[in-house]
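1. What follows is a protein structure lacking sequence information:
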Ligand SMILES: Cc1cc2nc3c(=O)[nH]c(=O)nc-3n(C[C@H](O)[C@H](O)[C@H](O)COP(=O)(O)OP(=O)(O)OC[C@H]3O[C@@H](n4cnc5c(N)ncnc54)[C@H](O)[C@@H]3O)c2cc1C
Ligand SMILES: Cc1cc2nc3c(=O)[nH]c(=O)nc-3n(C[C@H](O)[C@H](O)[C@H](O)COP(=O)(O)OP(=O)(O)OC[C@H]3O[C@@H](n4cnc5c(N)ncnc54)[C@H](O)[C@@H]3O)c2cc1C
Ligand SMILES: Cc1cc2nc3c(=O)[nH]c(=O)nc-3n(C[C@H](O)[C@H](O)[C@H](O)COP(=O)(O)O)c2cc1C
Ligand SMILES: Cc1cc2nc3c(=O)[nH]c(=O)nc-3n(C[C@H](O)[C@H](O)[C@H](O)COP(=O)(O)O)c2cc1C
Ligand code: FES
Ligand code: FES
């Protein structure tokens, strides 16, 4: 796990590029620590963070590192509220506060197991940097709501795609493709990130087949470094995990189910 | 007095131009009522009103109509806080909320009295539209802190200028010029707008010489239309005047002195 | 979307918060249209006291994060001035329902404050005698002359005051609760026990601002309070989450209707308060930013499906 | 700029608000530097209860205008877990003074909450026995089992609780007052009478948020409370003006030192609280936005001239 510098850092936006329904925010960070796949950062615009809908945003927002290359960190944004809206409006050269890399990322696949990457929607982000780092390549299965969002699949190489509305790739859930894939070759490790419903599907599927799975969870976060105890999900053994410091990547066996309340209501 | 439409209106910025230390905000308003000299409007940017220093601005801000011509209202801005900063950043085509024209403006000079316009700093704004409307011309005396601010004098025609630091025009107070002017020809009416200290100087000078004076006051305002009772100044006869509906232009004889607390501390 | 509140037929559930809309001044600024198209389904007067009050010395305003601190100090012409000069100008106003059909008469709710039960009684009696007044709102955020604490902050004391004035009028009696208390639901219960027909909340939260530096702070010294009244009341979006909690707590405890307010800016905010149990919603500070906000909020609420 | 507070030598007047900075988790995220360069001159633990608590079910957070509502529910390992596992990891931390010269040891202040005077007594006794603990803070924002009201909201009850635990320790005893009360200065006086060495305020304001629509609200129905604990506490800039008013009211009434907090984001905000009478200033929610905020605020305060 890479440690974050003990202070948020004022960095500079290199570019914001459209990618279908999403945008890719590129932040210049030549001196920062190399993030590990699955780690995230807390982001906030330096200027005009606030004054949006209902006078928000106020707190920084969590975003997975989608890629780290050439001294730049890339983040994949979906405009779902005042924070992501504001970040997506940033222009090259504008200042952005970055706290990170934070959290506990993905671990290497166990010997003899191939990697299957399963992403849903904007949750594909941490799988891109994971694919970059996996030496032996991986099967990539990505699900989206529609074709505009499915353009996001270009973030990864060789992805097979499913859409809810059938406008691209398989018409149906990405877990359909995962089930078929596991049928063919169960000696796999699944790496998944996406909406709670999808993660619960992946968890149940893998549990049934005794396939190890690492789930990158989301939860509303105030701090990102264990200070607020706000980002919890119930642990199978009882009690709660803090997604920011115990996760965001959590071994599926730690969870009884993926709680819908973990993140935003879908 | 022109009445304002009973609703703030979403208008479009035509331009923001630098004028020395100030900027001139031009708002396209072809259908709005013709403002009278001394009237003001409550302005707020449509987007990102908030999120500045200390999470402000929140309320709209009062600005004198500096000019109204060709279907445009002009406002003279001095950057003194988050509201004026944000308004000054607006670009052509951006949306701005305008409530106005509000308040009670200047009245015609009484028969046989020539008009002397005395302005200080950004307070020269309402004198520009007044000069535009005065048929017989007027003597214009404008005081500023320094030469960069004195460039604002270009807003009016034929102004004589004083600066606190002597970098342009008379080195000293604008009331020095006013005293000399009244010495020469006391059959005058004085129209004044500027910082409280200057207005108090003008008031005292005119009171002594029994010259009528109309003072355009400033006060912190929450609403601009008499709803909040926040913008009061003490009235000589006792009690308070609401600057927004009883003013902003007030007959100097109504005031015992111009209260420093009326507006922001200088 | 019309609603009945304590027997009053209202065009919609949006009214104004006391002291945040002066219909007489607004008609001076915007013309007679204000009286024909009032943005509120009922008009609540500012707080009226027995004697006239000038209000606090300025400065009276301070902008806070997502809010406003005011220290206005209840300026008003006093009971006689209000009944004689203002009330006649406040009757006969109308407002449109959100769907634009027809016009509704706007009832006047007069908000009064005394510093003793006796003063409250005189105010209520005098208002009761005036047919133009449809309902009364008691502002009980007034310090008890002996204890210095707000009358409205103590459930028992509040109950006694309401009980004392209840027999003096058959008009609907609304008690405007103070939010600066440990248990606002207990205060609401006290008001109900005393005979109130409704409660309204929240009033502003006690707050303070210091003089901005550098001026006029003496070097090295502490900045003095900025507002003429030293402390003031916080309103606006900043207090909305507190309002929601207090309205929910009160609505869960009393059976009389609740008027909810505090930081409402949109139809969604109004709906939240109604979901929490409010029958009507009052708009205060948002009217400062937009004089016709009440009508917009009523339309938005309507579009959200009636509540 | 170093200050003495209740006999403790502190590098500067900025400490953390209880429950808003977990030094152990921060060291996991940022490394050992956290322990060497803590942004706070004293470290206040989160609230510790006798038994372990899981905390409230999620969701626990809601972003409000210029603020945050939390319903965390005081998760903690319980007294034994804290003393056995956490406390040893909390000693030996240091922080630098704002001018960068030398390093100061950071004393640990342990915040405890009981639901009865007896529970408070057991907590205080156990902490008193531990030399690593420099001072105690009593969180009295806990409902009285009988009345349901916060112990800290009633001056008399508060005085009794403090008086009961006072003899059990010679360590400085700080009482963290609840802001959800009619007269916080009277509560502070009660704490002082009971023997407190200092008071701290403000804790969060009781607040609420409803589930965002559309999901998961049943059509036509009212939106339920969003937070697992139904209500939560509001913190951040939104409450700063309320904090300033309460700190000023308390400081004017008591002679013991006051720790001020509530929405502090800058050195100027800290200075305002000190101008209002606070001896120390605690930073809470701002640390979430910037983990090293405390150190920045101490530097800014220093640059403003020592206070
Ligand atoms: C570890 C981690 C990694 C993430 N990675 C990514 C990523 O790579 N890309 C990406 O696009 N997103 C990512 N997210 C999600 C992102 O952080 C959130 O969607 C964030 O809240 C967006 O902020 P916003 O202001 O745009 O939307 P918000 O207004 O925060 O809305 C997001 C959701 O929060 C809820 N909500 C609405 N209002 C409020 C309120 N007032 N307070 C609290 N919740 C509210 C609603 O359910 C809404 O759907 C990640 C989250 C985590 C925890
Ligand atoms: C009738 C009228 C006409 C005006 N015409 C003009 C004009 O033509 N041009 C022009 O530039 N200005 C004009 N003003 C003044 C302008 O409205 C104010 O300066 C306005 O407050 C600027 O907003 P701001 O956010 O930029 O600054 P603010 O932050 O509001 O600061 C302005 C002053 O307010 C005080 N202040 C600081 N913080 C706060 C706070 N939190 N709450 C309250 N007060 C605070 C300070 O003393 C500060 O110097 C006019 C005012 C009135 C009443
Ligand atoms: C400037 C101002 C003046 C007020 N005057 C009164 C008043 O006279 N009587 C009263 O009961 N409430 C008064 N209030 C409180 C409001 O009616 C309302 O309860 C409070 O502002 C919360 O609502 P808001 O956040 O929508 O403004 C006043 C509020 C403001 C901001
Ligand atoms: C997430 C969160 C958790 C908190 N936990 C505690 C706690 O355990 N004990 C306590 O006394 N106060 C707790 N508080 C209150 C803070 O210590 C502080 O009093 C309050 O947040 C106001 O300061 P701020 O606006 O700077 O955050 C908590 C506050 C927050 C936001
Ligand atoms: S986000 Fe604060 S503890 Fe996880
Ligand atoms: S600004 Fe509100 S009454 Fe004048």
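-> The structure has been received and is ready for your questions. Note that the structure is a prediction, hence the values are computed from the model and not measured. Ligands and ions are numbered 1, 2, ... in the order given.
2. Residue C:255 and residue C:192 touch, don't they?
-> Yes: using Cβ atoms under 8 Å, residue C:255 is in contact with residue C:192, at 7.1 Å. For the C-beta atoms, the positions are set from N, CA and C on the backbone; glycine is no exception.
3. Surely residue C:165 is within a strand?
-> No: assigned with DSSP: H, G, I helix; E, B strand; the rest coil, residue C:165 falls outside any strand and is helix.
4. need the contact list for the nearest residue to it once chain neighbours are set aside.
-> Closest residue to residue C:165 apart from its sequence neighbours, by Cβ to Cβ, 6 or more residues apart in numbering or on different chains: residue C:124 at 4.5 Å. The contact partners of residue C:124, by Cβ atoms under 8 Å, 6 or more residues apart in numbering or on different chains, come to C:112, C:136, C:138, C:165, C:168, C:169, C:173.
5. just the residues you listed now: which is nearest ligand 6?
-> residue C:112 (21.4 Å; Cβ to the nearest ligand atom).
6. so how many other residues sit close to that closest one?
-> For residue C:112, the count of nearby residues is 27 (other Cβ atoms under 10 Å in any protein chain shown).
7. Dihedrals phi and psi, the residue in chain A that chain C sits nearest to?
-> Closest residue of chain A to chain C, Cβ to the nearest Cβ: residue A:55 (4.6 Å). Main-chain torsions, residue A:55, degrees, to the nearest 10: phi 60, psi 20.
8. and chain A, which residues reach ligand 4?
-> Neighbours of ligand 4 within chain A, by Cβ under 6 Å from any ligand atom: residue A:228.
9. between residue C:255 and residue C:192, which one's more packed in?
-> Higher neighbour count among residue C:255 and residue C:192: residue C:192, with 20 against 7, using other Cβ under 10 Å.
10. For that one, which non-adjacent residue is closest in space?
-> Nearest one to residue C:192, counting by Cβ to Cβ, 6+ apart, is residue C:254 at 4.8 Å.
11. Which residues are in contact with that neighbour?
-> Residue C:254 neighbours (Cβ under 8 Å, 6+ apart): C:185, C:188, C:189, C:191, C:192, C:199.
12. show me the contacts for the residue of the stretch 101-250 of chain C found nearest ligand 4.
-> Per Cβ to the nearest ligand atom, residue C:238 is where the stretch 101-250 of chain C lies closest to ligand 4, at 12.0 Å. Counting by Cβ under 8 Å, 6+ apart, residue C:238 makes contact with C:64-67, C:263, D:64-67, D:237-239, D:241.
13. now swap in residue C:228 and tell me
-> B:261, C:56, C:57, C:58, C:59, C:60, C:71, C:73.
14. Swap in 6 Å and give it another go.
-> Applying Cβ atoms under 6 Å, 6 or more residues apart in numbering or on different chains to residue C:228 gives the contacts C:56, C:57, C:58, C:71.
15. Quick check: pLDDT value at the second one.
-> The predicted structure scores residue C:57 at 94 on the pLDDT scale.
16. Repeat that for residue A:86.
-> So residue A:86 comes in at 95 (pLDDT).
17. And for residue C:36?
-> Taking residue C:36 on its own, its pLDDT is 96.
18. Tell me the spacing between the nearest residue to it once chain neighbours are set aside and residue C:37.
-> Spatial nearest neighbour of residue C:36, excluding adjacent residues (Cβ to Cβ, 6+ apart): residue C:94 at 5.8 Å. For residue C:94, the distance to residue C:37 (Cβ to Cβ, to the nearest Å) stands at 8 Å.
19. Which of the two has more residues huddled nearby?
-> Using other Cβ under 10 Å as the criterion, residue C:94 and residue C:37 rank with residue C:37 on top: 17 against 14.
20. hang on, the earlier thing: out of the contacts of residue C:124, grab the one that's most surrounded.
-> In terms of neighbour count, residue C:138 stands highest of the contacts of residue C:124 at 30 neighbours, by other Cβ under 10 Å.
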